[in-house]
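[1] just coords:
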Ligand SMILES: Nc1nc2c(ncn2[C@@H]2O[C@H](COP(=O)(O)OP(=O)(O)OP(=O)(O)O)[C@@H](O)[C@H]2O)c(=O)[nH]1
């Protein structure tokens, strides 16, 4: 932990970007939150929750570690999938260190094969992280570590539980020793690069993901249209949930508006706890059949719009 009394020697700082890369559901967002010590990236049990890069910042004495949560890598089918996978590889390519995160319980899946192939072309130092050790026998962990170390060069292998926090400090300690000298990228008290408007949209998207029918999360998106700090210190937030089908609207609204009310209440509660001010949250639902082909929506999500392949 940073000693608040110790002055920072600005001529002797270190700073590095560490990309967390892996298949969907490996636990990247959970690990990012555990590393930073607070929730900066949304987490659900559903695959493909993270859609763009989310940076979480941990500043310890002279060293700043910038962990980059990336979307899971899988074989893309739709335009949005392609944008997410491109964003993940962009995160890996821009980092100083790439941490390859594996759900040790699932082992080597076709997505992992895809990742191994892609990571072979990334020259940065890599570490292997076997996650979810709370669910896996030691024998299986050792076998996996041996297998993966035989296929890619890793500087180190960590076995941890992002959820329980076991082993996370060892990974932080390693990063502190291996990031390059250089100026900090973020002010000392910053925890993430996400704006409050984007964070608020992400929190609502998480609640939507957790509440509704399986298909809807992948064909919906949430945007904050307006985020105002009121004179009394409260925040007034207007958000739009974009849906791709008229039939989804009924599901998201629920009987007598019950479902959307519950999503709004859960999101508001979390945002109040996060910002410690009263929150006035207004959710609107819009059906835009082609939102996933609209460049503006990608810009809002922090993604490059992938043009059709020729
Ligand atoms: N038991 C166990 N579950 C975990 C652990 N880490 C993450 N999970 C769970 O795994 C699921 C996926 O976690 P996420 O952090 O959203 O995974 P992700 O890799 O960011 O997923 P995408 O957004 O699909 O890329 C959630 O239900 C987490 O609670 C762990 O160490 N142990």
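    Cool, the structure landed. In this text, all values refer to a predicted model and were calculated from it rather than measured experimentally.

[2] Quick check: the nearest residue to residue 295 once chain neighbours are set aside vs the ligand, distance?
    Excluding its sequence neighbours, the residue lying closest to residue 295 (CB to CB, 6 or more residues apart in numbering) is residue 305, at 4.1 Å. In short, each C-beta sits where N, CA and C put it, glycine included. Distance of residue 305 to the ligand, computed by CB to the nearest ligand atom, to the nearest Å: 20 Å.

[3] My read is that residue 305 contacts residue 293, right?
    No. With contact defined as CB atoms under 8 Å, residue 305 does not reach residue 293; the gap is 9.0 Å.

[4] give me every residue that touches residue 243.
    Each residue near residue 243 by CB atoms under 8 Å, 6 or more residues apart in numbering is listed here: 216, 219, 220, 249, 252, 285, 286, 287, 288.

[5] what residues are up against the second one?
    Residue 219 is in contact with 243, 244, 245, 248, 292, counting by CB under 8 Å, 6+ apart.

[6] that older thread, for the residue nearest to residue 295, which three-state class applies?
    With DSSP: H, G, I helix; E, B strand; the rest coil as the basis, residue 305 sits in coil.

[7] Can you give me the neighbour number for it?
    By the criterion of other CB atoms under 10 Å, residue 305 has 15 neighbours.

[8] what does residue 146 give?
    As a burial measure, residue 146 scores 10 neighbours (other CB under 10 Å).

[9] any idea how far it lies from residue 126?
    Going from residue 146 to residue 126 by CB to CB, to the nearest Å gives 16 Å.

[10] swap in residue 183?
    Counting by CB to CB - residue 183 and residue 126 are separated by 25 Å.

[11] Could you do residue 255 as well?
    Taken as CB to CB, the span from residue 255 to residue 126 is 50 Å.

[12] just for the stretch 1-150 of the chain, where's the confidence low?
    Scanning the stretch 1-150 of the chain for pLDDT under 70 picks out 1-6.

[13] The ligand contacts on that one?
    Residues of the stretch 1-150 of the chain that fall close to the ligand, judged by CB under 6 Å from any ligand atom: 22, 24-30, 43-45, 47-50, 71-72, 131-132, 134-135.

[14] Inside strands: which ones of the residues you listed?
    Of those, the ones assigned to strands by DSSP state E are 22, 131.

[15] out of residue 183 and residue 126, which sits in the busier spot?
    Between residue 183 and residue 126, counting by other CB under 10 Å, residue 126 is the more crowded of the two (21 against 10).

[16] Let me know the distance separating that one from residue 21.
    When distance is defined by CB to CB, residue 126 is 9 Å away from residue 21.

[17] repeat for residue 259
    Separation of residue 259 from residue 21 (CB to CB): 34 Å.

[18] So for these two, which residue has more residues nearby?
    residue 21 (28 against 18).

[19] surely the more buried one meets residue 102?
    No. Judged on CB under 8 Å, residue 21 makes no contact with residue 102 at a distance of 10.3 Å.

[20] for stretch 91-107, which positions count as buried?
    91-92, 95-105 (16 or more other CB atoms under 10 Å).

[21] wait, which of those residues is closest to residue 204?
    Relative to residue 204, the closest of the buried residues of stretch 91-107 is residue 91; by CB to CB it sits at 23.6 Å.

[22] Against the ligand, how distant is that closest one?
    Separation of residue 91 from the ligand (CB to the nearest ligand atom) stands at 12 Å.

[23] what's the closest non-adjacent residue to that residue?
    Excluding its sequence neighbours, the residue lying closest to residue 91 (CB to CB, 6+ apart) is residue 70, at 4.0 Å.

[24] what are the phi and psi angles of that neighbour?
    phi -120, psi 160 (degrees, to the nearest 10).

[25] In strands only, show me the contacts of residue 243.
    Filtering the contacts of residue 243 for strands - DSSP E - leaves 220, 285, 286, 287.

[26] Which of the residues you listed are buried, as a ChimeraX select command?
    The buried residues among those can be selected in ChimeraX (16+ other CB under 10 Å) with this line:
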select :220
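
[27] of the ones in strands among the contacts of residue 243, closest to residue 122?
    Closest approach between the ones in strands among the contacts of residue 243 and residue 122, by CB to CB: residue 220, at 32.0 Å.

[28] Residues in a beta bridge with that closest one, which ones?
    With DSSP bridges as the criterion, residue 220 is bridged to residue 243.

[29] and it, what does it touch?
    Listed by CB under 8 Å, 6+ apart, the contact partners of residue 220 are 205, 208, 241, 242, 243, 244, 248, 252.

[30] which of these has the most neighbours?
    Ranked by the number of neighbours (other CB under 10 Å), the contacts of residue 220 place residue 241 first, at 26 neighbours.

[31] Please, which helix or strand holds that residue?
    Using DSSP states H and E, residue 241 maps to strand 235-243.

[32] show me the residues around residue 19 that make contact.
    Neighbouring residues of residue 19 by CB under 8 Å, 6+ apart: 68, 70, 91, 92, 94, 95, 97, 98, 99.
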